[in-house]
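J.: Here's a sequence, model it:
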Amino acid sequence: MEKAKTDSDGALANVLEAVGNVAKKVKKVAKSAVKSASTAAARTTSTSHRATQAKTLIRAPSGSEFHLVDGRNVADLKELADLLDDTTPSVWNHHVTPDRNDFANWVRDVFQEVDLSKRIRESTSTHHAQVVIYRTILDRT
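T.: Numbers count the residues shown, from 1 in each chain. Below is the predicted model:
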């Protein structure tokens, strides 16, 4: 019985060692694959993709930035979406009323983004407006 236990312990040790070796190889292959994919993606980025991405992140002309009531300013769509993450209800309610939506108006007037402006206007919260803007940016990249 003692010999069987020793043989079992030895077999278990061999299995654990083999599993450790396989895990190391998988990790090495995964790192290599990620590096290769990143390099390939960087090489295959097309000019049209860059143009679309640039359109997404066009900055407002000087003097046309959006000025929030709390003193913060934004100059592009990503900045607006990022800023909405920590915009308080009182700031949101100042810029969004039943009669107007300053965020939607700014996007329409400065960037001529009529469809995006309509979707922002339909947003009922900072989070919803943020998602709408991020989705637009993501769809264009």
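
J.: doesn't Arg119 make contact with Val107?
T.: No: because the distance of 9.3 Å does not satisfy C-beta atoms under 8 Å, Val107 is recorded as not touching Arg119. Heads up, the C-betas are built off the backbone N, CA and C, glycines and all.

J.: more neighbours, these two?
T.: In this view Val107 and Arg119 are compared by other C-beta atoms under 10 Å, and Val107 has more residues nearby, 28 against 18.

J.: Model confidence score at the more buried one, please.
T.: At Val107 the predicted local confidence, pLDDT, stands at 96.

J.: can you check Ala42 too?
T.: In this prediction, Ala42 carries a pLDDT score of 46.

J.: show me where pLDDT drops low in this protein?
T.: Counting by pLDDT under 70, the chain contains low-confidence ranges at 1-56.

J.: mind giving me the domain ranges of it?
T.: Described in terms of automatic domain parsing, the domain architecture of the chain consists of the residue ranges 2-44, 55-140.

J.: Please, which helix or strand holds the closest residue to Asp70 other than its chain neighbours?
T.: Nearest non-adjacent residue to Asp70, counting by C-beta to C-beta, 6 or more residues apart in numbering: Val91, 5.1 Å away. For Val91, the enclosing helix or strand under DSSP states H and E is helix 89-95.

J.: buried residues in that helix?
T.: Residues of helix 89-95 classed as buried: 91-92, 95 (neighbour count, 16 or more other C-beta atoms under 10 Å).
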